[in-house]
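Q: Give me the fold of what follows.
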Amino acid sequence: MAQYSAELDGVFVALADPTRRAVVRRLGHGPTSVGDLAREFPMTLPSFLKHVRTLEANGLIRTVKSGRVRTCVLNRERLALVDDWLAEQRRVWAERADRLERFVTEEDTP
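A: Got it, this is the predicted structure:
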């Protein structure tokens, strides 16, 4: 459970930044070179590469080098970690809402 928590924490930390979320969103359309991705953001390439490294370190993307071009690919399986966590949270909160509804709608019985 601790490993799962640490992995999830890393994914959320990586997704906390709007630039990194935009990169993930863009890669959802398909693999793209680092250079093409970087052109979409108003920052230097070294600054952008820090974002790429954070995403890669947390397993959200992988990079593949072919010649001089490094291409980023989204790891959709890693996003499933967030999806699983959100599904669990939805289940927990739905159960709590159901209990509250039962509590509020039950008639007092002496």
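
Q: got any ranges where this protein has weak pLDDT?
A: Along the chain, segments meeting pLDDT under 70 span 1-4, 107-110.

Q: Please enumerate the helices of it.
A: Applying DSSP state H to the chain gives helices spanning 2-15, 18-27, 34-39, 45-57, 76-105.

Q: So which other helices or strands are in contact with the shortest one?
A: Translated: helix 34-39. Judged by 3 or more Cβ pairs under 8 Å, 6 or more residues apart in numbering; DSSP states H and E, helix 34-39 is in contact with helix 18-27, helix 45-57, strand 69-74. Backbone N, C-alpha and C define where each C-beta goes, glycine included.

Q: now the longest one against helix 18-27, angle please.
A: I take that to be helix 45-57. 70 degrees (axes from the mean of the first three to the mean of the last three Cα atoms, to 10 degrees).

Q: Which residues does helix 45-57 contact?
A: Contacts of helix 45-57 with the rest of the structure, by Cβ atoms under 8 Å, 6 or more residues apart in numbering, involve 10, 13-14, 17, 19-20, 23-24, 34-35, 37-38, 41, 61-63, 72.

Q: Please repeat the previous calculation with a cut-off of 7 Å.
A: Contacts of helix 45-57 with the rest of the structure, by Cβ atoms under 7 Å, 6 or more residues apart in numbering, involve 14, 17, 19-20, 23-24, 34, 38, 41, 61-63, 72.

Q: Would you point out the most distant pair within these?
A: The largest separation in the contacts of helix 45-57, counting by Cβ to Cβ, is between 41 and 62 at 19.8 Å.

Q: List just the nearest of the contacts of helix 45-57 to residue 83.
A: residue 24 (13.2 Å).

Q: do you know which of the helices and strands packed on helix 34-39 lies nearest residue 91?
A: Nearest of the helices and strands packed on helix 34-39 (Cβ to Cβ): helix 18-27, 24.9 Å.

Q: Show me what the closest one is packed up against.
A: helix 2-15, helix 45-57, strand 69-74 (3 or more Cβ pairs under 7 Å, 6 or more residues apart in numbering; DSSP states H and E).
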